[in-house]
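# Any chance you can model this:
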Amino acid sequence: MTLLFVQVFFVILSTVVGFYISHSFITPSFVYDLLGGAMGFIGGMLLVFSEARMRKVSIRNLSAAVFGLIFGLFMSWVLTSAMKLIPMDPRLFSGIQIALTLIFCYLGMVISIRGKDEFNIVIPYVRLSRQDQSDAVIVLDTSVIIDGRIADICTTKFIDGKLVVPKFVLRELQQIADSSDGLKRNRGRRGLDILNKLQKNEDINVKIEEEDFPDIADVDAKIVKLAKVLSAKILTNDYNLNKVAQLQGVVVLNINELANALKPVVLPGEIMEVKIVKEGKEQNQGVAYLEDGTMIIVDNTRNLIGQTVNAVVTSVLQTSAGRMIFAKLGGGGNNGYQVSRRPPRR
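Purely as a prediction, here's the structure:
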């Protein structure tokens, strides 16, 4: 509402200024005065319309253009100052000066806009602070928002810094939420709910980043590019994005790796009480699960599905998808899914 008021006020003021200029500098005439006011009104409307069309212009692009313009003006001034030492006709010098100014301003703006990602002209997430303090920037991807665990992790204050949600990630979430597939639609709505929950938490600093990279089509590639521009980390649970970002030197925080690191350590020879829930792939194997989702493969339990047994750990296999525990039937244990040490022999 405030913006609309400013726009209307500017158009009215432009009309008055046009009327005043016409009345002051042109032969006084009611027709000319009306014509001046009309021209002021039209000029004000055109400027407001142009401003509305420029809302999609990136601040980084605009800053790069201004930097290039200043650099071009400086270079043209240096060259024309040196050319003053050469005797020549003043009109020729004036023409050369205008031409060099236009050329260097154009080249400076174009080169700066094209290379805006190689040097950070705008640093939007840095504020003046003590030298011994740092404020990290973390870019969220679509998968980690839909996953939802990020909200609980942030609540525990294990993640410190600014959470950046790119506009193209938000757009992808909206597309998933509007999908005709019921499962995708629920996942997209869950992601939007998680994002809304993060924004409502006063202890979490969430920023929607407007910067887009129109020349890059893939969302994962855009996330990596934005992280490099902002010198930020990427928070994800996408395996492919994790590997691509690491190859390009971007630090990745993977929630799945964090969850695997927090799982209890199980050593060969330890005993646990588990419930066999289904058959294994190999002959006479049964499969059980811990509360955290860790798969336990127990030998000689294929005919014990639905029963709770004591299993002795034989080996542990760590994979990119998680941890797998291999065990054999036998031994004594305790109740529940707790891991217990085998009592020492006497």
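
# Quick one: residues contacting the nearest residue to Arg302 once chain neighbours are set aside.
Once flanking residues are discounted, Arg302 sits nearest to Asn284: 4.7 Å by Cβ to Cβ, 6 or more residues apart in numbering. For every residue, glycine as well, the C-beta is placed using N, CA and C. Contact partners of Asn284, counting by Cβ atoms under 8 Å, 6 or more residues apart in numbering, are 299-302.

# Just name the closest of these to Ile145, please.
Using Cβ to Cβ, Thr301 comes nearest to Ile145 of the contacts of Asn284, at 39.4 Å.

# Can you tell me how far that closest one is from Lys278?
Remark: distance between Thr301 and Lys278 (Cβ to Cβ, to the nearest Å) = 10 Å.

# Look at Met324 and tell me its secondary structure.
Per DSSP: H, G, I helix; E, B strand; the rest coil, the local secondary structure of Met324 is strand.

# Just list whatever residues bridge to the closest residue to Asn205 other than its chain neighbours.
Closest residue in space to Asn205, ignoring its immediate chain neighbours: Lys162 at 4.8 Å, by Cβ to Cβ, 6+ apart. For Lys162, the beta-bridge partners are Val137, Asn205 (DSSP bridges).

# Looks like Lys162 contacts Leu140 (just checking).
No. If you go by Cβ atoms under 8 Å, Lys162 and Leu140 don't touch, sitting 10.7 Å apart.

# Enumerate the positions of stretch 194-212 that are buried.
By 16 or more other Cβ atoms under 10 Å, the buried positions in stretch 194-212 come out as 194-195, 197-198, 204-206, 209, 211.

# Kindly apply the preceding question to stretch 64-83 instead.
Neighbour counts over stretch 64-83 (16+ other Cβ under 10 Å) mark 64-65, 67-69, 71-72, 75-76, 80 as buried.

# ok, now stretch 90-102?
97, 100-101.

# Am I right that Leu79 is in a helix?
Yes. Under three-state DSSP, Leu79 sits within a helix.

# that older thread, which of Thr301 and Lys278 has more neighbours?
Between Thr301 and Lys278, counted using other Cβ atoms under 10 Å, Thr301 has the larger neighbour count: 24 against 12.

# that older thread, name the residue in Lys162 and Leu140 with the higher neighbour count.
Leu140 (24 against 18).

# wait, Ser112 sits on Ala64?
Yes. Between Ser112 and Ala64 there is a contact under Cβ under 8 Å: 4.2 Å.

# Check what contacts stretch 212-230 and list those residues.
Contact with stretch 212-230 is made by 58, 117, 120, 124-125, 137, 139, 141-142, 164, 166-169, 172, 209, 211, 232-234, 238, 240-241, 244-245, 248-250, as judged by Cβ under 8 Å, 6+ apart.

# and the longest strand anywhere in the chain, average pLDDT?
The single longest strand within the chain, with elements called by DSSP state E, is strand 308-319. Here strand 308-319 scores 85 as its mean pLDDT.
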